[in-house]
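[1] Build me a model:
(chains A and B)
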Amino acid sequence: MKFSGKGLFTILGILLIAAGLVYLLWGGLEENVVYFVTPTELLEKGEAAVGNPVRLGGVVQGGSLQEKEGIVTFSLTDEVKTVLVVTTKTPPQMFHEGIGAVVEGALRKDGIFEANRLMVKHGNEYRPPKEGEMPQQIYKAIQQEKRS
Amino acid sequence: MLFKLFGAVALLFFAYAQYWALVRAPADYQMGDVYRILFVHVPAAWNALLLLTFSFVASLMTLLKRSATWDRLAHSSIEVGVLLTGLALALGSIWGRPTWGVWWTWDPRLTTTAILFILYLGALMLRRLIEDRERRSRIMASVSILIYLNVPIVYFSVKWWRTLHQVQSNPNTMDPAMVTGLRLNALALLALSLFFLIFRYRLAKREQINQEKEDSK
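    Numbering: from 1, shown residues only, chains lettered A, B, ... in the order given. The predicted structure follows:
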């Protein structure tokens, strides 16, 4: 096979893109561009985390979800560390204890995470409800409260 | 005639699959009826990746064989693949609002899919700009092969990185009736996609014949 100048250029281009992909996959991407941090990773940063906007992801701890006058508080946990989250936003319909959640906001000086956006991370399981099973819907309760 | 019959059968099959999606499959324990978007969202994504994979093979063949047939097949499958990618994005967004709470978020799965969609759209626009048929088929094949590198990244994004999007379900994580509904819908959409693919291929062939007539005048 004989390479003309053009062919060489194409091969160089492909190599460059392949190198870029390898860097994306095994290079610094995992550390630098993560979609959300876990409570452990957030607390590891210590003071540096205070006031810095970040996404925090974890599981809504059982028994921690409270709602009072439109202010929602709950704990996000990764089974190692736990962060208390407070927000005035209405949680999505699917939001309940034990489900995965990703929140956007920043850690306050007092160690409480103030969120301005709540998102539910749904798993990959789908099944019909068992007998007598009712998903908790804090969403509906708050909506009614806001209307009245 | 046979082709039209195939289209009609595919459409009927799709209607039957939708009956499974909307009536036979039970509601989900967490999402209720909202989850039924899955029966089109997931097949659209699957078939998009499948057609784009086919376009990758067709692009390779275009380069190897220098054939106009493979070029047309590559072009047609990219067009249908882009349509399905757009459908998956739109339905995913509609599904995201009630379940996640947001229409859109820049998580790795959504971002890589949006990039894929835009790159292929760009490739289709580029195609319109090149007049010479031979040159166009070579350039398009090279461009399409490069863009295809994104497809495996889209597929594995939910495994490689932290995402809001859930990882792939499998028959163990779904109710059997839901699995049947999903498989039927995937097959039905595949049949419809093939219909569109062949339709677009024929159109491209006619375009070329007309072009050659114009040129010889």
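[2] List the contacts of A:R55.
    For A:R55, the contact set (C-beta atoms under 8 Å, 6 or more residues apart in numbering or on different chains) comprises A:Y35, A:F36, A:V37, A:V102, A:V103, A:E104. The C-beta positions use only the backbone N, C-alpha and C, and glycine is treated the same way.
[3] Then A:K121?
    A:G57, A:I99, A:G100, A:A101, A:V102, B:W100, B:L164, B:Q166.
[4] Remind me which helix or strand the last one belongs to.
    For B:Q166, there is no helix or strand it lies in under DSSP states H and E.
[5] that's a strand at B:P26, yeah?
    No. Under DSSP: H, G, I helix; E, B strand; the rest coil, B:P26 falls outside any strand and is assigned coil.
[6] okay, now it: neighbour count?
    Residues near B:P26, counting by other C-beta atoms under 10 Å in any protein chain shown, number 15.
[7] and the closest residue to B:S76 other than its chain neighbours, what does it touch?
    For B:S76, ignoring the flanking residues on the chain, the nearest one in space by C-beta to C-beta, 6 or more residues apart in numbering or on different chains is B:R200 at 3.9 Å. B:R200 is in contact with B:H75, B:S76, B:E79, B:V80, counting by C-beta under 8 Å, 6+ apart.
[8] Name the SS class of the nearest residue to A:S64 once chain neighbours are set aside, please.
    Distances taken as C-beta to C-beta, 6+ apart place A:S75 nearest to A:S64, at 3.9 Å, with adjacent residues excluded. A:S75 falls in the strand class when you classify it by three-state DSSP.
[9] Report the beta-bridge partner residues of A:S75.
    A:S75 has these beta-bridge partners by DSSP bridges: A:L84.
[10] so what pLDDT did residue 135 get?
    Picking chain A for this. At A:P135 the predicted local confidence, pLDDT, stands at 51.
[11] hm, I was asking about chain B
    pLDDT at B:R135 comes out at 91.
[12] and what of A:P129?
    Per-residue pLDDT puts A:P129 at 79.
[13] Backbone dihedrals for it, both of them.
    Per-residue torsions, A:P129: phi -70, psi 140 (degrees, to the nearest 10).
[14] How about it, nearest residue that isn't a chain neighbour?
    Excluding its sequence neighbours, the residue lying closest to A:P129 (C-beta to C-beta, 6+ apart) is B:Y29, at 4.0 Å.
[15] And the helix or strand B:A15 falls within, how far out from the chain middle?
    Using DSSP H and E, B:A15 sits in helix B:2-19. Mean C-alpha position of helix B:2-19 versus that of the full chain (C-alpha atoms, centre = their mean, to the nearest Å) differs by 18 Å.
[16] Give the rounded mean pLDDT of that helix.
    Taken as a whole, helix B:2-19 has a mean pLDDT of 94.
[17] What of stretch A:55-75?
    Mean per-residue pLDDT for stretch A:55-75: 92.
[18] so B:L84 sits right up against B:L194, yeah?
    No. Between B:L84 and B:L194 there is no contact under C-beta atoms under 8 Å: 11.9 Å.
[19] of the two, who's got more company?
    Legend: neighbour count by other C-beta under 10 Å for B:L84 and B:L194, higher for B:L84 (24 against 17).
[20] Leaving out sequence neighbours, find the closest residue to B:A10.
    Leaving aside its chain neighbours, B:A10 sits nearest to B:A191 (3.8 Å; criterion: C-beta to C-beta, 6+ apart).
[21] Now A:G123. Its backbone dihedrals?
    With angles defined as degrees, to the nearest 10, A:G123 sits at phi -80, psi -170.
[22] what's the burial count for it?
    If you count neighbours by other C-beta under 10 Å, A:G123 ends up with 12.
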